[in-house]
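>>> This is a predicted model, with the sequence first.
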Amino acid sequence: MPAEQKYVESIAELESTAKTALAAGRRVSVFMIGSTDPQTGESWCPDCREAEPVVEACLKKTADNDLFLMIEVGLRDAWKNPDNAFRKHPVYKLTVIPTMFLFCLDSGEIAVKCRLENDECKSAASVDKLLAGEC
């Protein structure tokens, strides 16, 4: 079976879920994308829409003990705001979406082991490496 997939709705939920899984020895990856446009039912972000099927295909090859988290960073106006919580976050420091992370623990706190940004998230080879922890 592939990785457990979970949608999280806040940074607090993301961090709590990731810390618990990492402490239990699980590999934790995160996919950060533009929020779903209520009119289309898809991410407002064209690069995110292109990356999603690549990531979904790569997830089929992951280990069942892995945890894959997905979180939306906001609609277009919220994302473009320089004060967006994901842009200002001391660990994530997002500058583009989509962005993928492989998390690890550093002195009990979440840290980034690997990072893919924008077009890298559209590359099956790059996504496979991140999901396998080969970075």
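Good, I have the coordinates.
>>> Give the residue farthest from the middle of this protein.
residue 39 (23.5 Å; C-alpha atoms, centre = their mean).
>>> Can you classify that residue as helix, strand or coil?
Put simply, residue 39 is coil when judged by DSSP: H, G, I helix; E, B strand; the rest coil.
>>> How much space separates it from residue 46?
Distance, residue 39 to residue 46, using C-beta to C-beta, to the nearest Å: 15 Å. Backbone N, C-alpha and C define where each C-beta goes, glycine included.
>>> Any stretches of this structure with poor pLDDT?
1 (pLDDT under 70).
>>> Tell me which stretches of it form strands.
With DSSP state E as the criterion, the chain has strands at 4-7, 28-33, 67-72, 99-106, 109-117.
>>> And the spatially most central residue of the chain, how far from residue 115?
Centroid-nearest residue in the chain: residue 31, 1.7 Å away (criterion: C-alpha atoms, centre = their mean). For residue 31, the distance to residue 115 (C-beta to C-beta) stands at 12 Å.
>>> which residue ranges form the helices in the chain?
11-23, 46-59, 76-80, 85-88, 124-132 (DSSP state H).
>>> coming back round to it: was I right to think the residue nearest to the centre of the chain contacts residue 69?
Yes - between residue 31 and residue 69 a contact is recorded at 7.3 Å, counting by C-beta atoms under 8 Å.
>>> Show the contacting residues for residue 96.
Listed by C-beta atoms under 8 Å, 6 or more residues apart in numbering, the contact set of residue 96 reads 47, 117-118.
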